[in-house]
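# structural data only, the sequence is not supplied:
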């Protein structure tokens with residue numbers, strides 16, 4: 001696995017000053033305050049730097065899922081994607097838009113289990129290329145189309161094009177959520193369903209609590225989020241552009257036994273089969289190994305700095321989850337009126 005990771009990192013970062021990009025990424029919050037800032041560039045930096053490590057430490061589906069005791073993370077993600085497929089009523093003959101497709105993990109599940117074709121939209125060229133490579137390897141490339149495009153402006157796509165759509169942890173990066181939802185609304189056909197999974201501050205979040213605000217700031221810095229909306233703000237943005245919200249809930253709150261969404265990064269035993277590399281100890285071990293591997297030129301210079309950034313972000317995720325003020329699992333189903 002490390003050999004594959006090394007090869008993928010050299011390919012992804014060829015000619016790039018990784019350490020310099022990590023250092024610049026760490027200043028984006030301050031640059032935003034000064035006005036010397038492009039949020040799209042910051043989000044691209046985040047995914048350019050982190051995507052390969054995300055796949056190594058998580059799965060090819062770069063998103064969270066409701067977890068069940070005794071179930072692997074991979075199985076929980078599959079179950080969650082099947083819920084989305086069911087709610088969107090996907091079937092053969094439909095063409096669906098995947099808004100912010102990542103490296104195509106959810107798309108491949110959609111194609112295999114529903115037979116629908118998927119239009120893969122992503123503003124990150126590295127991820128889009130990886131999605132296409134993986135689709136070719138899986139024999140699914142004929143079921144996909146690709147476009148490098150910012151979902152804030154999809155004017156290259158005709159109005160009323162798609163039979164449905166989904167956005168999994170992508171529109172949380174939007175600097176203007178209402179504008180993002182308006183563009184999605186426009187490209188869907190009348191009557192089409194739209195599934196979204198948003199990173200949100202929960203109803204427990206108190207903006208006057210300094211600890212809550214510090215957690216929010218750490219999450220924004222670590223995940224390249226321009227802001228983090230509340231549940232109500234997401235719903236208002238959807239309704240303001242014309243969507244009918246059919247259902248919306250924090251999917252981490254389940255009936256029956258469940259495991260907190262952040263547990264794989266917390267490293268506690270007994271509730272979930274989780275890879276060692278996701279745990280705090282595993283991440284620290286990876287940082288130590290990368291220092292040696294960089295010195296031997298087995299990994300690109302700057303790889304250690306990327307994993308240190310991701311380690312801090314994982315700690316912020318856990319702090320947000322343990323305090324109950326943050327969830328990456330606010331899921332909604334909305335419809336464009338017929």
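The structure has been received and is ready for your questions. Bear in mind that the values here come from a model prediction, so they are computed numbers and not experimental data.

# what's the first helix or strand after the helix or strand where residue 194 lies?
Using DSSP states H and E, residue 194 sits within strand 188-201. As assigned by DSSP H and E, the chain's next helix or strand after strand 188-201 is helix 210-223.

# re the thing from before, could I get the buried residue list for the strand holding residue 194?
188, 189, 192, 193, 194, 195, 196, 197, 198, 199, 200, 201 (16 or more other Cβ atoms under 10 Å). Bear in mind the C-beta positions are built from the backbone N, C-alpha and C, glycine included.

# what do you get for stretch 239-250?
Residues of stretch 239-250 classed as buried by neighbour count (16+ other Cβ under 10 Å): 241, 243, 248, 250.

# may I ask which two of the buried residues of strand 188-201 are separated the most?
Greatest spacing in these, by Cβ to Cβ: 189 and 201 (32.6 Å).

# run through who's touching stretch 242-252.
Here stretch 242-252 makes contact (Cβ atoms under 8 Å, 6 or more residues apart in numbering) with 66, 80, 87, 181, 185, 193-194, 200, 202, 231, 234-235, 238-239, 258, 260-261, 327, 329-337.

# same deal with stretch 312-327?
Contacts of stretch 312-327 (Cβ under 8 Å, 6+ apart): 199-202, 204-206, 211-212, 215-216, 218-219, 221-223, 228, 250, 252, 260-262, 265-266, 278, 280, 283, 328.

# what residues of it count as buried?
313, 314, 315, 316, 317, 318, 319, 320, 321, 325, 326, 327.

# now it: average pLDDT?
Stretch 312-327 carries an average pLDDT of 97.

# ditto for stretch 290-307
91.

# turn the buried residues of strand 188-201 into a markdown table, columns for pLDDT.
As requested, these are exported to a markdown table (pLDDT from 0 to 100):
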| residue | pLDDT |
| --- | --- |
| 188 | 98 |
| 189 | 98 |
| 192 | 98 |
| 193 | 98 |
| 194 | 98 |
| 195 | 98 |
| 196 | 98 |
| 197 | 98 |
| 198 | 98 |
| 199 | 98 |
| 200 | 98 |
| 201 | 98 |
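
# now do the helices in the stretch 151-300 of the chain.
Here the stretch 151-300 of the chain has its helices, by DSSP state H, counting those that start in this stretch, at 177-187, 210-223, 231-240, 263-266, 280-295.

# pipe those into CSV and attach distance to residue 25 per row.
Converted to CSV, these look like this (distance: least, Cβ to Cβ, whole Å):
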stretch, distance to residue 25
helix 177-187, 22
helix 210-223, 9
helix 231-240, 26
helix 263-266, 20
helix 280-295, 17
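
# ok, and the closest non-adjacent residue to the residue most central in space within the chain?
The centroid of the chain falls nearest to residue 169 when counting by Cα atoms, centre = their mean (3.9 Å). Spatial nearest neighbour of residue 169, excluding adjacent residues (Cβ to Cβ, 6 or more residues apart in numbering): residue 63 at 4.7 Å.

# likewise residue 183?
Nearest residue to residue 183 in three dimensions, chain neighbours excluded: residue 154, at 4.8 Å (Cβ to Cβ, 6+ apart).

# my guess is that neighbour contacts residue 187, does it?
Yes. At 5.7 Å, residue 154 counts as touching residue 187 under the criterion of Cβ atoms under 8 Å.
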